[in-house]
Structures are given as structure tokens and as C-alpha cells.
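K.L.:
structure, please.
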Amino acid sequence: MSLRHPKVTEWEARLKRVFDRIDDILEDKYHGVYRLSPVRPERGATSNKEADGLFNVGAAFTAGFGSEKGPGYVVDVKMSTLDRVSPEARREIEDEVASLLDDMLHSEFPKGDLEVSRDGHVWKIHGDLSLD
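P.N.:
You can find the predicted model right below:
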């Protein structure tokens, strides 16, 4: 039994589909650029894109206390590699995720007024988070 509202579960499932599409784009683009960590399963080896391949992209809800943007979802981009990823390359990848996310959110949530922008040092999805 879940204590979460069914509409929250549905909304976050739609958001996960967006992140799964972004994961595929990143995996295609960066395949061979960085070596996969030896403890991480190859892309497609599991039923969840979060658990395999070079990337795990997603977001976690925050109430936004002390934030410029208020409540929203903080975007998280993890790379499973032992290779050195320069700060510049890391920022480029994060910026690419934010751009893809901004485009895809408008198609997945056409009635929502959602934005993807920097909130301090992190990217955040914020705006109309209503469940309708």
C-alpha cells in the first residue's frame, strides 16, 4: 500500500519517461567517450535505465526552503565511470540535460507551466507542479 497520491505517482512516472529518453540520448552520444565503471552493468542489462549504462539521470522533489525558485525537482546527473570528467565537460553534460529536459517537458506536460533553470548551483524543474 502506498501513502502517495495516485496522481503524484502518475506525474512522476511521466517525468521518469522523460528522463529515460534523455538517458538514451546521452548513452548514444557518449558511448565510448568514457569507460563504464567495472561495477556497473552494461546499458540495457537491467529493466531500469537508472541501474545500468553510463548515465543515471533523474530528479528529486524539494520543498524549496531557502531557494530562489521555490518548490520543484532538483535535477541529478550521475555518471558511472572511473575516468576523469573535467568540470567543463560535466557542466556541458548537465547543460545538455537541462536543455533536453526543457524541450521534453513541454511535450510531456503540455498544460503545465514548467521551467528548467538554475537555482543556485543546481538545475531545477519548477513552476506549475499541479497534478491535473
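K.L.:
CA atoms for contacts and neighbours, from now on please.
P.N.:
Will do.
K.L.:
just give me the residue closest to the centre of the protein.
P.N.:
residue 58 (3.0 Å; Cα atoms, centre = their mean).
K.L.:
the helix or strand where that one lies - contacts with which helices or strands?
P.N.:
For residue 58, the host element (DSSP states H and E) is strand 55-62. Using 3 or more Cα pairs under 8 Å, 6 or more residues apart in numbering; DSSP states H and E, the elements in contact with strand 55-62 are helix 6-30, strand 72-79.
K.L.:
residue 53: which of the ones you listed is closest?
P.N.:
For the helices and strands packed on strand 55-62, proximity to residue 53 was assessed by Cα to Cα; helix 6-30 is nearest, at 7.2 Å.
K.L.:
which stretches of this protein have low pLDDT?
P.N.:
Residues of the chain meeting the criterion pLDDT under 70: 1-2, 132.
K.L.:
and with 80 instead?
P.N.:
Applying pLDDT under 80 to the chain flags the ranges 1-4, 112, 131-132.
K.L.:
run the chain-centre distance for stretch 80-92.
P.N.:
17 Å (Cα atoms, centre = their mean, to the nearest Å).
K.L.:
residue 53 contacts residue 80, doesn't it?
P.N.:
Yes. Between residue 53 and residue 80 there is a contact at 7.4 Å, judged by Cα atoms under 8 Å.
K.L.:
neighbour count: the two, which is higher?
P.N.:
residue 53 (25 against 19; other Cα atoms under 10 Å).
K.L.:
any figure for the gap between that one and residue 109?
P.N.:
Remark: distance between residue 53 and residue 109 (Cα to Cα, to the nearest Å) = 27 Å.
K.L.:
which ones are touching the residue nearest to the residue nearest to the centre of the chain when sequence neighbours are not counted?
P.N.:
Nearest in space to residue 58, with sequence neighbours left out and distances taken as Cα to Cα, 6 or more residues apart in numbering, is residue 76 at 5.4 Å. By Cα atoms under 8 Å, 6 or more residues apart in numbering, residue 76 lies in contact with 56, 57, 58, 59, 60.
K.L.:
many thanks, I have nothing further to ask.
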